[in-house]
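Peer 1: Structure for the following, please:
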Amino acid sequence: MELVPRTAQLKGLTCILDEAVALQIMTDRAVAACGEPGPVPGQTARDCHRQSVALHRLLGRLRSLPLTDPDLVAAQHRAGRLLVCQQWMVRQALNLAFTMHPDPRTEAARLGLNGLGRPADDLRRLRDRLRDQAPTGN
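Peer 2: Numbering: from 1, shown residues only. Sure thing, here's the model as predicted:
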C-alpha cells in the first residue's frame, strides 16, 4: 500500500474545508431565516433542506478522505463533528420554524435563531490553522 504524502493529505483536507466554509454562508442565512419574526416562508424550508443535503454530501466526502497523518486524522474528526453540529442546527431550526404545535416557548426559541454561531467560527479557525501548515510556493 502506497502512502500518500502528508502535503497531499493536507491539500485534500483543506480543499474540503474550504468548501465547508463557503457553504456556511448560505447555511447560516437559512438558519437565521428560520428565526425571522412573522410567518416563515416555505422557501426557507427548501433552503434549509438544500443546505442539509449539501452538508451531508460534504460530510461523506470528508469522512472518505484517506488520511494517515495523526494530526490530520484528528482535524478530520473535529471537522466532521462541526459539520454534524451544523446539520443538527439546520434540522432544529426547521423544527422550530415549522412546528405542528406552536407555543410561546417554541416561538421564543425560534426568534432566538440567528445563524450557525460558534460551530461555524470553529470550523473556519480549523481550516485557517490547516492552511497555515500548507507549504507555500508553486
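
Peer 1: tell me which residues in the helix or strand harbouring residue 109 are buried?
Peer 2: In this structure, residue 109 sits in helix 104-111 according to DSSP states H and E. For helix 104-111, a neighbour-count test (16 or more other Cβ atoms under 10 Å) marks 109-110 as buried. Where you see a C-beta, it was placed from the backbone N, CA and C, and this is true even at glycine.

Peer 1: likewise stretch 122-138?
Peer 2: 122-123, 126-127, 130.

Peer 1: show me where pLDDT drops low in this structure?
Peer 2: Within the chain, the stretches with pLDDT under 70 are 1-2, 136-138.

Peer 1: Quickly find the element holding the residue nearest the centre of it.
Peer 2: Ranked by distance to the mean C-alpha position of the chain (Cα atoms, centre = their mean), the top residue is residue 83 at 3.9 Å. Using DSSP H and E, residue 83 maps to helix 70-97.

Peer 1: name the helices or strands packed onto whichever strand or helix holds residue 45?
Peer 2: Here residue 45 sits within helix 42-63, counting by DSSP H and E. Secondary-structure packing of helix 42-63 (3 or more Cβ pairs under 8 Å, 6 or more residues apart in numbering; DSSP states H and E): helix 6-34, helix 70-97.

Peer 1: Return that helix as PDB; C-alpha atoms alone will do.
Peer 2: The C-alpha atoms that make up helix 42-63 are tabulated as PDB, following Å, rounded to 0.1, in the frame of the first residue of the first chain:
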ATOM      1  CA  GLY A  42     -41.800  27.900   2.600                       C
ATOM      2  CA  GLN A  43     -38.700  28.900   0.600                       C
ATOM      3  CA  THR A  44     -36.900  28.900   3.900                       C
ATOM      4  CA  ALA A  45     -37.700  25.200   4.400                       C
ATOM      5  CA  ARG A  46     -36.400  24.500   0.900                       C
ATOM      6  CA  ASP A  47     -33.200  26.500   1.500                       C
ATOM      7  CA  CYS A  48     -32.600  24.600   4.800                       C
ATOM      8  CA  HIS A  49     -33.200  21.300   3.000                       C
ATOM      9  CA  ARG A  50     -30.800  22.200   0.200                       C
ATOM     10  CA  GLN A  51     -28.100  23.200   2.800                       C
ATOM     11  CA  SER A  52     -28.700  20.000   4.800                       C
ATOM     12  CA  VAL A  53     -28.200  17.800   1.700                       C
ATOM     13  CA  ALA A  54     -25.000  19.800   0.800                       C
ATOM     14  CA  LEU A  55     -23.700  19.300   4.400                       C
ATOM     15  CA  HIS A  56     -24.500  15.600   4.200                       C
ATOM     16  CA  ARG A  57     -22.600  15.200   0.900                       C
ATOM     17  CA  LEU A  58     -19.700  17.200   2.100                       C
ATOM     18  CA  LEU A  59     -19.500  15.200   5.400                       C
ATOM     19  CA  GLY A  60     -19.400  12.000   3.300                       C
ATOM     20  CA  ARG A  61     -16.500  13.300   1.200                       C
ATOM     21  CA  LEU A  62     -14.700  14.400   4.400                       C
ATOM     22  CA  ARG A  63     -15.100  11.000   6.000                       C
END
